[in-house]
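Colleague: no sequence for this one, just the structure:
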Ligand code: NAD
Ligand code: DAU
C-alpha cells in the first residue's frame, strides 16, 4: 500500500508518518509538502534513511507537480493546510489558496488517477462555537457554521471533498478532529507557545478572559483514528474525533503548565482577545468509538506533563523554529494587544 501524504512535514502529518511506518511494515509513503513556515523536515529526522519513505517538496496548488508525484499511490491522506486561526485573521488569502484551491487540485488529480481512497483531515472548527454554559456536543451532521477565515476555508474544503464523492464517485472519508497537542507542535499554538515562552523566561499570553474551552487530544490518538478510518471506515462517511475529557479552560491549561515547570501564576499575561473568538468546542465521538472501536488512550494531564518534558528535551528544535520568520510574527501578533 502506497500513501500520498500531504503536509507531512507539519505537526500532525509528521506524527502520522512516524506512526504509520512504526505500525505497518508493508507500507510506503510519499510526503508531499511545500515546507512553508510550518513545515520542517527536522520533524522527521528519526525516519531518515527509511527506504519506505520519500519526500517531495511541492505545492498542492500546482496541478502538474501533484499529478506526477501522486502517480502510483493508492491512498491520499490530506493534511496540508494553513492551520493557525490568528494568521487567518491577519492574512486570509493564503488560507483560501491552500485550503480550498489546493484541496480541489488534489481531489481532481485523485479522481483522474483513480486512487482507492481520498482521506481528508479536517477540524471541529467548521461547526462554529458552543456557548460556555451549554452542554451541546457536535455530531457528524451538526450544521456547519464556521466563524474564522481558517474555519471557513476548512469548511469549504470539506464541502468540496463531499461534492467529489457525490458527483464523481471519488471514494472519500473525512475526519473532523479537536485540538491536538504533543511533540513537534508549532510554537504559535497555545500549548507549545506557553511552554517555550516559560522556558525562555517570558510570560504566557492568554486571550481575555481566559475562560474559553478546548477539547485537547494527544496527537497519536488522532493518528490512530485516521489509521482506523483508512482500514475500516465507510466510504463517503465523516467521523468526529475528540477526547471528551472534562472541560479545561485556557487559564487552567496555562496554570497546569506553570505548575509542571515550577513557576508561579504571575507568569500569565492577560492580553486582548482574538476577534471572533470561538469560546468553546465540544465533540461527541461516539460514532468512531461505536463503529470503529476507537478510544483515546492518552490522558490529558499525564500527556501534558510528558509533552512539556519533550519541549525541555528538544530545546534545539524549538529554538531554531522560534528564530527567523517567527520573531516578526510574534511581534506583530502580540505587541499591540
Ligand atoms: P501545520 O501548520 O503544523 O502543518 C501544515 C503543513 O502543511 C506544513 O508542513 C506545511 O508546510 C504544509 N503546507 C502548507 N501549505 C502547503 C501547500 N500549499 N502545499 C503543500 N504543503 C503545504 O498543521 P497541523 O496542525 O499539523 O494540521 C494538519 C491538518 O490537520 C490541517 O489540515 C488542519 O486543518 C488539521 N487539524 C489540525 C488540528 C490541530 O489541532 N493542529 C486539529 C484538527 C485538524
Ligand atoms: O479545534 C481544532 C483546531 O485547533 C485546529 O483546526 C487548528 O488548526 C488549531 O490551530 C487549533 O485552533 P485553536 O484556535 O483552538 O488553537 P490555538 O492553539 O491557536 O488556541 C487555543 C486556545 O487558546 C484558543 O481559545 C485561543 C487561546 N490562545 C491562543 C494563543 C495562541 C490564547 O489564549 N493565547 C495565545 O497566545
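Modeller: Arrived safely, thanks for sending. The structure displayed is predicted, hence computed values, not measured ones. Residues are numbered from 1 along each chain as shown. Ligands and ions are numbered 1, 2, ... in the order given.

Colleague: need the contact list for the residue of the stretch 1-150 of the chain found nearest ligand 1.
Modeller: The minimum distance from the stretch 1-150 of the chain to ligand 1, using Cβ to the nearest ligand atom, falls at residue 10 (2.0 Å). For glycine as for every other residue, the C-beta is placed from the backbone atoms N, C-alpha and C. Contacts of residue 10 were listed using Cβ atoms under 8 Å, 6 or more residues apart in numbering, and they are 33, 38, 39, 40, 43, 79, 80, 83, 186.

Colleague: show me what from the stretch 1-150 of the chain comes close to ligand 2.
Modeller: Residues of the stretch 1-150 of the chain found near ligand 2 (Cβ under 6 Å from any ligand atom) are 83, 84, 85, 123, 124, 125.

Colleague: repeat that for 8 Å
Modeller: Contact residues, the stretch 1-150 of the chain versus ligand 2 (Cβ under 8 Å from any ligand atom): 81, 83, 84, 85, 86, 122, 123, 124, 125, 148, 150.

Colleague: on the three-state scheme, the residue nearest to residue 333 when sequence neighbours are not counted is what?
Modeller: Nearest non-adjacent residue to residue 333, counting by Cβ to Cβ, 6 or more residues apart in numbering: residue 86, 5.9 Å away. Three-state assignment for residue 86 (DSSP: H, G, I helix; E, B strand; the rest coil): helix.

Colleague: quick one: secondary structure of the closest residue to residue 237 other than its chain neighbours?
Modeller: Leaving aside its chain neighbours, residue 237 sits nearest to residue 173 (5.9 Å; criterion: Cβ to Cβ, 6+ apart). Secondary structure, three-state DSSP: residue 173 is strand.

Colleague: check what pLDDT residue 27 gets.
Modeller: Note for residue 27: predicted pLDDT of 98.

Colleague: give the contact list for it.
Modeller: Residue 27 makes contacts with 1, 2, 3, 20, 21, 52, as judged by Cβ under 8 Å, 6+ apart.

Colleague: and the residues of the stretch 1-150 of the chain next to ligand 2, which of them are in strands?
Modeller: Residues of those located in strands (DSSP state E): 122, 123.

Colleague: select, from the residues of the stretch 1-150 of the chain next to ligand 2, the two members most distant in space.
Modeller: 86 and 122 (19.1 Å; Cβ to Cβ).

Colleague: more neighbours: which of the two?
Modeller: Using other Cβ atoms under 10 Å, the more surrounded residue of residue 86 and residue 122 is residue 122, with 24 against 18.

Colleague: identify the bridge partners of that one.
Modeller: Under DSSP bridges, the beta-bridge partners of residue 122 are residue 176.

Colleague: highest neighbour count among the contacts of residue 10?
Modeller: Greatest neighbour count in those, by other Cβ under 10 Å, goes to residue 80: 28 neighbours.

Colleague: state the phi and psi torsions of the closest residue to that residue other than its chain neighbours.
Modeller: Closest residue to residue 80 apart from its sequence neighbours, by Cβ to Cβ, 6+ apart: residue 7 at 3.2 Å. Dihedral pair for residue 7: phi 70, psi 30, per degrees, to the nearest 10.

Colleague: need the helices for the stretch 101-250 of the chain, in chain order.
Modeller: Using DSSP state H, counting those that start in this stretch, the helices of the stretch 101-250 of the chain run over 103-112, 149-168, 190-199, 219-232, 250-260.

Colleague: give me the residues contacting the third one.
Modeller: Which is helix 190-199. With Cβ under 8 Å, 6+ apart as the criterion, helix 190-199 contacts 181, 185-187, 203-205, 214, 216, 250, 253-254, 257-258, 261, 263, 267, 304, 307-308, 311-312, 315, 318, 322.

Colleague: which among these are in contact with ligand 1?
Modeller: Applying Cβ under 8 Å from any ligand atom to the contacts of helix 190-199, one finds that 181, 185, 186 fall near ligand 1.

Colleague: can you list the residues you listed in CSV and add distance to residue 16 and pLDDT?
Modeller: As requested, these are arranged in CSV below (distance: Cβ to Cβ, whole Å; pLDDT from 0 to 100):
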residue, distance to residue 16, pLDDT
181, 15, 98
185, 13, 98
186, 15, 98
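
Colleague: near ligand 2, which of the residues you listed show up?
Modeller: Counting by Cβ under 8 Å from any ligand atom, nothing from those sits close to ligand 2.

Colleague: and residue 178, how far is that from residue 294?
Modeller: Distance, residue 178 to residue 294, using Cβ to Cβ, to the nearest Å: 13 Å.
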